[in-house]
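>>> I'll drop the sequence and a predicted model, then ask my questions.
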Amino acid sequence: MNNVTLIGMPGSGKSTIGVILAKALRYEFLDSDLLIQKQEKRKLSEIIEQDGPEKFKEIENQVNADIHVTDTVIAPGGSVIYCDEAMEHLSIGKVIYLKLSLESLSKRLGNLKGRGVLLKDGQSLKDLYEERVPLYEKYADITIDEEGKDLDESLRAILEIIHIKEQGK
């Protein structure tokens with residue numbers, strides 16, 4: 001399967017970069033959080049609030065594991081890395097980790113709960129960051145350090161690395 005899956009923290013630019021990357025590659029774009037909302041007919045924050053984090057993870061795992069596409073840039077939610085089955089499935093294509101410092105993410109992010117971010121009670125952005133980074137690194141085929149890069153620079157870095165990987169098949 002010729003897919004590119006973008007993983008990273010909320011606010012790292014998965015959806016924003018994903019749309020532009022899909023155009024550059026002449027691929028489709030798929031935001032799996034939107035698939036979850038469509039299937040459940042509720043916003044992510046409502047699912048987490050009403051059903052709890054564990055049920056949300058089950059739904060997220062099922063939706064992402066059921067994605068069957070080709071020539072698509074996939075932007076799953078930041079918590080998909082807790083879903084082994086989904087990550088195994090999404091790893092069929094290239095998995096790119098959009099890495100950003102905690103400081104930069106703090107500046108970009110507003111209300112985490114309103115965004116439908118999976119937070120345990122009392123968990124801070126710093127706690128979440130420290131918990132998730134090793135998982136993003138574990139699943140990533142490629143890591144793009146976005147620190148200090150604007151959208152165009154991040155996109156160019158991704159395209160350059162994808163192109164190099166394609167050449168070295």
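Thanks, I have it.

>>> and Glu137, what does it touch?
Contacts for Glu137 (C-beta atoms under 8 Å, 6 or more residues apart in numbering) come out as Tyr97, Thr143. All C-beta atoms are positioned from the backbone trio N, CA, C, and that covers glycine.

>>> regarding it, what is its secondary structure?
Three-state assignment for Glu137 (DSSP: H, G, I helix; E, B strand; the rest coil): helix.

>>> next one, pLDDT for Lys120 please.
For Lys120, the pLDDT comes out at 74.

>>> distance of the residue nearest to it when sequence neighbours are not counted from Tyr129?
Once flanking residues are discounted, Lys120 sits nearest to Pro53: 7.0 Å by C-beta to C-beta, 6 or more residues apart in numbering. Plainly put, Pro53 is 17 Å away from Tyr129 if you go by C-beta to C-beta, to the nearest Å.

>>> what does Val95 give?
19 Å.

>>> which one's more surrounded, these two?
The neighbour comparison of Val95 against Tyr129 (other C-beta atoms under 10 Å) goes to Val95, with 22 against 16.

>>> mind checking the longest helix of this protein?
helix 151-167 (DSSP state H).

>>> residues of it that come out buried?
Going by neighbour count (16 or more other C-beta atoms under 10 Å), the buried part of helix 151-167 is Ser154, Leu155, Ala157, Ile158, Ile161, Ile162.

>>> and these as a markdown table, adding distance to Ala75 and pLDDT?
Putting the buried residues of helix 151-167 into a markdown table (distance: C-beta to C-beta, whole Å; pLDDT from 0 to 100) gives the following:
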| residue | distance to Ala75 | pLDDT |
| --- | --- | --- |
| Ser154 | 14 | 92 |
| Leu155 | 14 | 93 |
| Ala157 | 17 | 93 |
| Ile158 | 13 | 93 |
| Ile161 | 17 | 87 |
| Ile162 | 16 | 84 |
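
>>> all helices of this protein, in order?
14-25, 32-40, 44-51, 53-65, 84-90, 102-108, 125-139, 151-167.

>>> do you know the pLDDT at the residue nearest to Lys120?
Reported pLDDT for Pro53: 86.

>>> burial of it, as a residue count?
Pro53: 16 neighbours (other C-beta under 10 Å).

>>> relative to Thr143, how far out is Gly8?
Distance of Gly8 to Thr143, given as C-beta to C-beta: 9 Å.
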